[in-house]
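Novice: Turn this into a model:
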Amino acid sequence: MESKQILNYVKKISKEERMKLTYQELVNFINQLSTDEIIELSNIIGYPVFTRLCMNELKHKFVLLQDGAAAIIVNENKEILLQSRADRNKWGLPGGCQELGETFEDTIIREIKEETNLDVLRKDLKLIDIISGKSRKNEYPNGDVVINNTVLYYIDTYKGKLKWDEESKEMKFFSLDNLPLNQNDKDLIERYREYLNKTSY
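Specialist: The predicted model follows:
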């Protein structure tokens, strides 16, 4: 296949089929692509999955460093939006991994749209902090282990009707005084509490 055919093929197959591409298939594809086309291929597949596929048999053993963004989305009652993830019994913040070539602003705007159906403008993003380190270690049911570097944003201006995709079982706004016990992003929410204390003076 020529490079355009490769990219069109990967676009057309399902998300599940992309995740099952073999290492040899990926080698054959990449050897025919330019650097820009490899970036495009990565963004079609999704950077973390693409990286894992490139690792062959080590894909679930290698601890991956991921850059991404998360959002504290606040409603008129000062409650924050949490999602109950489909792949585990935990509540976390909307957000996800940065794709190749994206700014962190692009990442959070895209992830919010994909995960919540809400529209956010760049001018309405308020940077809370960048959170990294051992508190950002995450283990997934499939065996993947990652450590995330997370850019955390505060958002209280958005449009659209809340609706979630297959990554979530449920989405709900919670008061900071009544958060679920099974949280996935305690460190990020704690940083948000610190942000509130600083900005309240």
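
Novice: Let me see the mean pLDDT of the helix or strand where residue 187 lies.
Specialist: Using DSSP states H and E, residue 187 falls within helix 186-199. Confidence for helix 186-199, expressed as mean pLDDT, is 92.

Novice: for the helix or strand bottoming out on mean pLDDT in the chain, packing partners?
Specialist: Lowest by mean pLDDT, DSSP states H and E among the helices and strands of the chain is strand 137-139, with a mean of 87. In terms of contacts (3 or more C-beta pairs under 8 Å, 6 or more residues apart in numbering; DSSP states H and E), strand 137-139 is packed against strand 145-155. Placement of C-beta: from N, CA and C, glycine included.

Novice: Give me the sheet partners of the strand it packs on and which way each runs.
Specialist: Strand 145-155 has the following strand partners under DSSP bridges: strand 64-73 (parallel), strand 126-131 (antiparallel), strand 137-139 (antiparallel).

Novice: could you pull out the helices for this protein?
Specialist: 3-12, 15-19, 23-30, 35-45, 47-53, 104-116, 186-199 (DSSP state H).

Novice: For residue 135, which of those helices is the nearest?
Specialist: helix 186-199 (4.0 Å; C-beta to C-beta).

Novice: coming back round to it: neighbouring contacts of the least confident helix or strand of the chain?
Specialist: In this structure, residues lying in contact with strand 137-139 by C-beta atoms under 8 Å, 6 or more residues apart in numbering are 145, 146, 147, 148, 184.

Novice: top of those residues by neighbour count?
Specialist: Highest neighbour count within the contacts of strand 137-139, by other C-beta atoms under 10 Å: residue 148, with 24 neighbours.

Novice: Pull up the gap between it and residue 95, please.
Specialist: From residue 148 across to residue 95, the span is 9 Å (C-beta to C-beta, to the nearest Å).

Novice: tell me, what's touching these two both at once?
Specialist: The contact lists of residue 148 and residue 95 share residue 68, where a contact means C-beta under 8 Å, 6+ apart.

Novice: Figure out which of the strands paired with strand 145-155 is closest to residue 32.
Specialist: Closest among those, using C-beta to C-beta: strand 64-73, at 25.6 Å.

Novice: What residues of that closest one count as buried?
Specialist: Residues of strand 64-73 classed as buried by neighbour count (16 or more other C-beta atoms under 10 Å): 64, 66, 67, 68, 69, 70, 71, 72, 73.
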